[in-house]
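Asker: Structure for the following, please:
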Amino acid sequence: CSSYFDFLMGEKSREEVESAFHRIADSDILTFVGTEKLFNVLQTPQSAGEDSLSDDKMIIQTESMFSEFYRKISLKGLSIVSAHMGSRDKVSGLVNRQTGEIFTMSNRTGIHYDHLIEGLVSVGFEASYLYMFQGNLKHTPQDKWRCPKSVLLMAYEDEEGVHKPIDEQMLLRTERIFDNEFINDDKRCTMTVFPLFVGEDLYGFIVNKLDSSDLVNVSLVAYQLSVSIKSLMLIEEQNRVKQELQDSLEKFMRDNSLLSKEAKQDELTGLYNRRGFLEYARKAINDPSNRGKNAIICYADMDNLKMINDKFGHDDGDFAIREIASILTDAFRNGDIIGRIGGDEFVVFALVGDLAEYEQTIKDRINRIMIKHNEYAGKDYPIEASVGVCGFECGDSVDIFELLDQADEKLYVEKTAKKRLNGSYR
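Answerer: Predicted coordinates for the structure are as follows:
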């Protein structure tokens, strides 16, 4: 338990927890403590630990680890019982072998009940019928037993081999467990019924047709079948939960990836929004491979959005904003980072060559592309933007907000000059 909770806290590895468990399982503990009690001891810290976890990956890892623990306990428990049964070694060995083979198939869908009883004919049982209750039944010492009115015949074995009834034939009234179409009653015989249970959990019962001299083996078979069924049900439940968690985790990761993308994208233009631009621009600036390289922050502000909205409507305003986004996209390379950080404000991060020449170069390029976009748009208003460019060298000490302020100041100078020349644009 200590190793397991250290594992949940990240203080021990899974291998260390498994090593601690194997030391216990490989000891003589099952000689003095029943398998059921050891199951209960393990389930208590498992449940407590999983209730404290919020990481789906850790829950899946924990479920998988305990699934292996239950498997080992079951096999070890069956082995110990077999070693102490003396005259019943032949029967015990058969059931153990069948159970072991079942465990190797435990990752498949469903429990192979037919394989559980296969071979009982070879050790003296003329026929065996495995009946299971429907649903999860529990019975405490305080409860009054009420036998279910119907059961499911999961599998049976006779001298002709093992059989599985088809789905339509499985459901039988409990009163007919000794008298149904699957039982050959041509001659008088002895039949026993023995419950299959572990603790308060009731699974069903096994009906055997056998000689009275073999009655001593019935309880052993029933006991081992009960433990095997419990183990297989636990493993099946673990696999089901693990698959559900895996599916949930995959869906979460897909949804989270989609939400993350949407959270960083501007809905109107398809560019990065403020959050997305700052995240990716910071990564580029701090990237060791970019350290010392020249770069620019280009700040662009649309010149006449208010006039367009007031005179031509907000649909035209949205069109103009998208055009500015398209102009900037055409003016820069695919690898450059472009974002819309406000209503009519855009920023770009780009790696460049010569800083001395690049400011005027990018302004001229934007103006040329802007002229072409206006010609294609054919609107009664100009789609224009003022631009401020700030150059710097990439490195860990760069403050992107200072760069944005510097580029904004240069933009303000250009916008003021335009207002003096052409009047107010806002």
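Asker: Excluding chain neighbours, what is closest to L210?
Answerer: In this structure, L210 finds its nearest non-sequential neighbour in F125, 5.0 Å apart by C-beta to C-beta, 6 or more residues apart in numbering. C-beta here means a position set from N, CA and C on the backbone, and glycine is covered the same way.
Asker: From S52, how far out is that neighbour?
Answerer: F125 is 47 Å from S52, where distance means C-beta to C-beta, to the nearest Å.
Asker: More neighbours: which of those two?
Answerer: F125 (24 against 11; other C-beta atoms under 10 Å).
Asker: Check whether that one really touches V207, as I assumed.
Answerer: No - using C-beta atoms under 8 Å, F125 makes no contact with V207, being 10.3 Å away.
Asker: Flag the shaky bits of the stretch 151-300 of the chain, pLDDT-wise.
Answerer: Within the stretch 151-300 of the chain, the stretches with pLDDT under 70 are 212-216, 251-262.
Asker: On the three-state scheme, N180 is what?
Answerer: The three-state label given to N180 by DSSP: H, G, I helix; E, B strand; the rest coil is coil.
Asker: In this structure it contacts L171, no?
Answerer: No - applying C-beta under 8 Å, one finds N180 not in contact with L171, separated by 11.0 Å.
Asker: Between the two, which has more neighbouring residues?
Answerer: Using other C-beta under 10 Å, the more surrounded residue of N180 and L171 is N180, with 15 against 12.
Asker: Just give me how far the lengthiest strand in the chain sits from the chain centre.
Answerer: Counting residues, the longest strand found in the chain (DSSP state E) is strand 125-138. How far strand 125-138 lies from its chain's middle: 35 Å, per C-alpha atoms, centre = their mean, to the nearest Å.
Asker: and what of stretch 270-290?
Answerer: Distance, centroid of stretch 270-290 to centroid of chain: 29 Å (C-alpha atoms, centre = their mean).
Asker: going forward, begin numbering at 20 instead of 1
Answerer: Sounds good: first residue 20 from here, last item stretch 289-309.
Asker: who does the lengthiest helix in the chain touch, helix- and strand-wise?
Answerer: Counting residues, the longest helix found in the chain (DSSP state H) is helix 235-282. The elements that helix 235-282 packs onto, with contact taken as 3 or more C-beta pairs under 8 Å, 6 or more residues apart in numbering; DSSP states H and E, are helix 54-70, helix 75-102, helix 108-123, helix 132-135, strand 210-217, strand 220-229.
Asker: how far does it sit from the chain's center?
Answerer: Taking mean C-alpha positions (C-alpha atoms, centre = their mean), helix 235-282 and its chain are 12 Å apart.
Asker: angle of it against helix 75-102?
Answerer: 170 degrees (axes from the mean of the first three to the mean of the last three C-alpha atoms, to 10 degrees).
Asker: Next secondary structure after helix 235-282?
Answerer: helix 293-305 (DSSP states H and E).
Asker: Buried residues, the helix or strand that that next one is followed by. List them.
Answerer: Counting by DSSP H and E, the element after helix 293-305 in chain order, helix or strand, is strand 313-321. For strand 313-321, the neighbour count (16 or more other C-beta atoms under 10 Å) marks N313, A314, I315, I316, C317, Y318, A319, D320, M321 as buried.
Asker: I figured the fourth one hits F411, correct?
Answerer: Yes - in this structure, I316 sits in contact with F411. The criterion is C-beta under 8 Å, and the distance is 7.4 Å.
Asker: Find the residues that touch each one of those two.
Answerer: Common neighbours of I316 and F411 (criterion: C-beta atoms under 8 Å, 6 or more residues apart in numbering): L422.
Asker: ok, the closest residue to K249 other than its chain neighbours - contacts?
Answerer: Leaving out its chain neighbours, the residue that sits closest to K249 by C-beta to C-beta, 6+ apart is V217, at 4.5 Å. Residues counted as contacts of V217 (C-beta under 8 Å, 6+ apart) are E55, F58, S245, V246, K249.
Asker: count of residues packed around the last one?
Answerer: It stands for K249. 21.
Asker: Give me the residue at the spatial middle of this structure.
Answerer: L268 (2.3 Å; C-alpha atoms, centre = their mean).
Asker: The closest residue to it other than its chain neighbours and E69: what is the separation?
Answerer: Of all residues not flanking L268 in the chain, D75 sits nearest, at 4.3 Å (C-beta to C-beta, 6+ apart). Taken as C-beta to C-beta, the spacing of D75 relative to E69 amounts to 11 Å.
Asker: again, but for F411
Answerer: Remark: distance between F411 and E69 (C-beta to C-beta) = 51 Å.
Asker: Would you mind telling me which of the two has more residues around it?
Answerer: F411 (19 against 15).
Asker: in the helix or strand in which that one is found, what's buried?
Answerer: In this structure, F411 is located in strand 404-412 according to DSSP H and E. Residues of strand 404-412 classed as buried: A404, S405, V406, G407, V408, C409, G410, F411 (neighbour count, 16+ other C-beta under 10 Å).
Asker: Which strands or helices does that strand pack on?
Answerer: strand 313-321, helix 374-396, helix 419-441.
Asker: Could you check the angle that strand makes with strand 313-321?
Answerer: Using the same axes, to 10 degrees: strand 404-412 against strand 313-321 is 160 degrees.
Asker: where's strand 404-412 relative to the chain centroid, distance-wise?
Answerer: 45 Å.
Asker: ditto for stretch 340-357
Answerer: 38 Å.
Asker: related to what we said a few turns ago, reformat the helices and strands packed on helix 235-282 as TSV; add distance to A39.
Answerer: Shown next, in TSV, are the helices and strands packed on helix 235-282 (distance: least, C-beta to C-beta, whole Å):
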stretch	distance to A39
helix 54-70	12
helix 75-102	11
helix 108-123	22
helix 132-135	31
strand 210-217	25
strand 220-229	27
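Asker: which one of the ones you listed lies closest to E263?
Answerer: Proximity to E263 (C-beta to C-beta) singles out helix 75-102 among the helices and strands packed on helix 235-282, at 9.7 Å.
Asker: Give the rounded mean pLDDT of that closest one.
Answerer: Mean pLDDT, computed over helix 75-102, is 73.
Asker: So in that sheet, which strands flank the longest strand of the chain, and in what orientation?
Answerer: Applying DSSP bridges, strand 144-157 is found paired with strand 169-177 (antiparallel), strand 220-229 (antiparallel).
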